[in-house]
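Q: Give the three-dimensional model of this entry:
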Amino acid sequence: MDGSDYPNYIVTSSSDSKEIPNAEEREDEESEDDVEGMREFKVDDSTRKLWRLVCKRKNQGCQWMLRGKETAEKMWTISKFYTRHTCDMGDLPDDHCNLDTNMIVAVLVGDIAKSPRYPIKDCITAVLKVYRKTVSRQKTYLGHRRAHEIVYDGTHVYGVYDIKLLIAVGMDANGVIFPLAFVIAANESTNTWGLFLNYLRQHVIKDRMGICVISDRNAGILNNMFNLHRWQPPFAYHRHCLRHLKANFKKAYRSLALCNWMWAAAIEHQEKKFHLQMETIRRADEEAFYWLNTIDKDK
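A: Now for the predicted structure:
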């Protein structure tokens, strides 16, 4: 099962029973304990009624195992838990299999909030200090990217409350990103974006002209950019975020070649070369070509 299918609660069957908000958090706790204890585990069986973890060295005869099952009351209980590892750990690789992206993100969020261009090598060092493990550059990159999205993109705030975090950032002449303002909102609507943009203009942007606003195609943002006088030319000019545009295009057309041609066309500065890239897309897939032509090229 994936993270969305984990049971809602786990209750231990011992006298020290405690509730865990969801099984994903249970696995996170096991991951942290086993990373620090130099142990690795894997999911051995996973259904909507049963969930079982075993030691990665089960083939050596290791008996470590944690099994949970759903009860008639639709609760989950840890029915068996063998706590002792009997395997020979040997020389564990630094890149511990249970040291996943979520654990890396938890380490990096604070540093990336202070410095958007926090180097990958420094990320690896930060994880090493916390977990005493050296993770691969690929895994570190994925954690860095996810932490950057959490800090600098409008995003869900996960936890007890169903709220949104709206964030505005700027970029200086050296290409360095820096935070401008943020707001915690009940939802991501035209009203909440309107209030945020009005306050941003009033207290941060003030009388500055010619501001370039780059965003995804969220309806709340687009409606306000179209209707708020102080966010229209010559005060401000709206452009679509190319990264979000490419992500939407990739969902519709799962072709690496098409995505590469689309990106090459979008970043092209010369009109003649832009049309050559678009013609390449048209010859390969006319439907994809027309999809791109529905987008305002001035954006």
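Q: alpha carbons only for contacts and neighbour counts from here, please
A: Fine.
Q: The closest residue to Phe196 other than its chain neighbours is in what secondary structure piece?
A: Closest residue to Phe196 apart from its sequence neighbours, by CA to CA, 6 or more residues apart in numbering: Val183 at 7.1 Å. Assigned by DSSP states H and E, Val183 falls within strand 177-185.
Q: Pull up the pairing partners for that strand, direction included.
A: Note on strand 177-185: by DSSP bridges, its sheet partners are strand 163-171 (antiparallel).
Q: in the strand it pairs with, what counts as buried?
A: Ile163, Lys164, Leu165, Leu166, Ile167, Ala168 (16 or more other CA atoms under 10 Å).
Q: Averaged pLDDT, that strand. What do you get?
A: The pLDDT scores in strand 163-171 average 83.
Q: Show me how far that strand is from its chain's centre.
A: 15 Å (CA atoms, centre = their mean, to the nearest Å).
Q: May I have the phi/psi pair for the closest residue to Thr71 other than its chain neighbours?
A: In this structure, Thr71 finds its nearest non-sequential neighbour in Thr77, 7.0 Å apart by CA to CA, 6+ apart. Main-chain dihedrals, Thr77, degrees, to the nearest 10: phi -130, psi 140.
Q: who does Thr77 bridge with?
A: For Thr77, the beta-bridge partners under DSSP bridges are Val11, Lys69.
Q: number of nearby residues for it?
A: Other residues near Thr77 number 20, with proximity taken as other CA atoms under 10 Å.
Q: That one reaches Arg52, doesn't it?
A: No: applying CA atoms under 8 Å as the test, Thr77 and Arg52 come out as separate, 11.6 Å apart.
Q: Pull up the overlap in contacts between the two.
A: Gly68 (CA atoms under 8 Å, 6 or more residues apart in numbering).
Q: hang on, the earlier thing: what's whichever helix or strand comes after the strand holding Val183 packed up against?
A: Heading C-terminal from strand 177-185, the first helix or strand you meet, by DSSP H and E, is helix 190-200. Secondary-structure packing of helix 190-200 (3 or more CA pairs under 8 Å, 6 or more residues apart in numbering; DSSP states H and E): strand 177-185, helix 219-227.
Q: now helix 190-200 against helix 219-227, angle please.
A: 60 degrees (axes from the mean of the first three to the mean of the last three CA atoms, to 10 degrees).
Q: low-scoring stretches of the stretch 101-250 of the chain, by residue?
A: For the stretch 101-250 of the chain, the stretches with pLDDT under 70 are 150-162.
Q: same thing but at 80, please
A: 101-102, 109-110, 113-117, 131-133, 148-165, 175-176 (pLDDT under 80).
Q: Would you map the strands across the stretch 1-150 of the chain?
A: For the stretch 1-150 of the chain, applying DSSP state E, counting those that start in this stretch gives strands covering 10-12, 19-20, 41-46, 50-55, 65-70, 76-82.
Q: among the ones you listed, which is nearest Thr101?
A: Judged by CA to CA, the one of these that comes nearest to Thr101 is strand 41-46, at 15.5 Å.
Q: And the closest one, what does it pack against?
A: strand 50-55.
Q: Name the residues of the strand it packs on that come out as buried.
A: Trp51, Arg52, Leu53, Val54, Cys55.
Q: Lowest-confidence entry in those residues?
A: Lowest pLDDT of these: Trp51, 77.
Q: Who are the contact partners of that residue?
A: By CA under 8 Å, 6+ apart, Trp51 lies in contact with Val43, Asp44, Asp45, Arg67, Gly68, Lys69.
Q: Mind telling me the two of the buried residues of strand 50-55 farthest from one another?
A: Trp51 and Cys55 (13.9 Å).
Q: Next secondary structure element downstream of the one helix or strand Arg283 maps to?
A: If you go by DSSP H and E, Arg283 is part of helix 271-284. Later in the chain than helix 271-284, the nearest helix or strand by DSSP H and E is helix 286-293.
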